[in-house]
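Colleague: this one's sequence-less:
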């Protein structure tokens, strides 16, 4: 059984959301500037090194094909063009990359603003829902739950191991149990994924407000790798790992790889 409803934000939830809206640029701008400076210095060092290497070859190897190119008089316009291309690429490329990250932070701020204006939380209750676990060597794990209507709820595996999300006290790192690879929880005291639970989330940002458990811990139907997931949109694939939760307008079965094709690749058939 799957039910989707809404409720009003509690005063604490609204206060936390309001705090995240204040001076968002003060948190995003230093990261963008730092990224720009780092990329600028890397490209500058790489460019100067390349010029030094080519110049050294031309000066020391008279028979080298580059020798005639460097020692010949390039003319003033060629030097100007080279200077513009050299410094332009060093300045523009880091600016584009840092600007893209800043725009992503701006879009996130706008989604948080919409959550604040709506003042509601989405409550998704699932009972005996089909789900799979998606593994990625760098990003970790994501759980995909079939919520009906051709939609899938994605819950980040990192948050699935957050005891505070379930209303449990924090646990020392030395006491944490290892991930069993199936259920995905990092703590045996957190029975998630669960046979019956409620997900409380912000509808626009996907931020998880809490997960209420009603049943028993269950094991994933399947475990698939991230590169096997049939997501047609690359942006959805990136959002899948960046968001705490995400609703995908896809049927769960359509996202899973064909087992017969996978078996042939592994030489099992």
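Modeller: Sure thing, it's come through. What you see is a predicted model; the values in this text were computed from it and never measured.
Colleague: residues contacting residue 249?
Modeller: When contacts are counted by CB atoms under 8 Å, 6 or more residues apart in numbering, residue 249 is found next to 150, 151. Quick note: C-beta positions are derived from backbone N, CA and C, even for glycine.
Colleague: what distance do you get for the residue positioned nearest the centre of the chain to residue 143?
Modeller: Per CA atoms, centre = their mean, the C-alpha nearest to the average position across the chain is that of residue 242, at 2.6 Å. Separation of residue 242 from residue 143 (CB to CB, to the nearest Å): 16 Å.
Colleague: again, but for residue 240
Modeller: 11 Å.
Colleague: identify the contacts common to the two.
Modeller: 134, 154.
Colleague: what about the helix or strand where residue 86 lies, average pLDDT?
Modeller: Applying DSSP states H and E as the criterion places residue 86 in helix 76-118. Helix 76-118 comes out with an average pLDDT of 84.
Colleague: quick one: name whatever helix or strand follows it.
Modeller: Counting by DSSP H and E, what follows helix 76-118 is strand 120-127.
Colleague: could you list the buried residues of that next one?
Modeller: 121, 122, 123, 124, 125, 126 (16 or more other CB atoms under 10 Å).
Colleague: give the bridge partners for the second one, please.
Modeller: Beta-bridge pairing for residue 122 (DSSP bridges): residue 6, residue 201.
Colleague: that one contacts residue 203, doesn't it?
Modeller: Yes: taking CB atoms under 8 Å as the definition, residue 122 is a contact partner of residue 203 at 4.6 Å.
Colleague: list residues touching both of these two?
Modeller: Joint contacts of residue 122 and residue 203 (CB under 8 Å, 6+ apart) are residue 6.
Colleague: which parts of this protein are strands?
Modeller: Along the chain, the stretches classed as strands by DSSP state E are 2-8, 120-127, 131-136, 140-148, 151-156, 196-201, 208-213, 223-225, 245-248.
Colleague: which neighbours in the sheet does the shortest one have, and how are they oriented?
Modeller: In the sheet, strand 223-225 lines up against strand 131-136 (parallel) (DSSP bridges).
Colleague: check the offset of the partner strand from the chain's centre.
Modeller: In terms of CA atoms, centre = their mean, to the nearest Å, the centre of strand 131-136 is found 15 Å from the chain centre.
Colleague: now do it, average pLDDT.
Modeller: Taken as a whole, strand 131-136 has an average pLDDT of 88.
Colleague: got a list of what residue 101 touches?
Modeller: With CB under 8 Å, 6+ apart, residue 101 has these contacts: 31, 32, 35.
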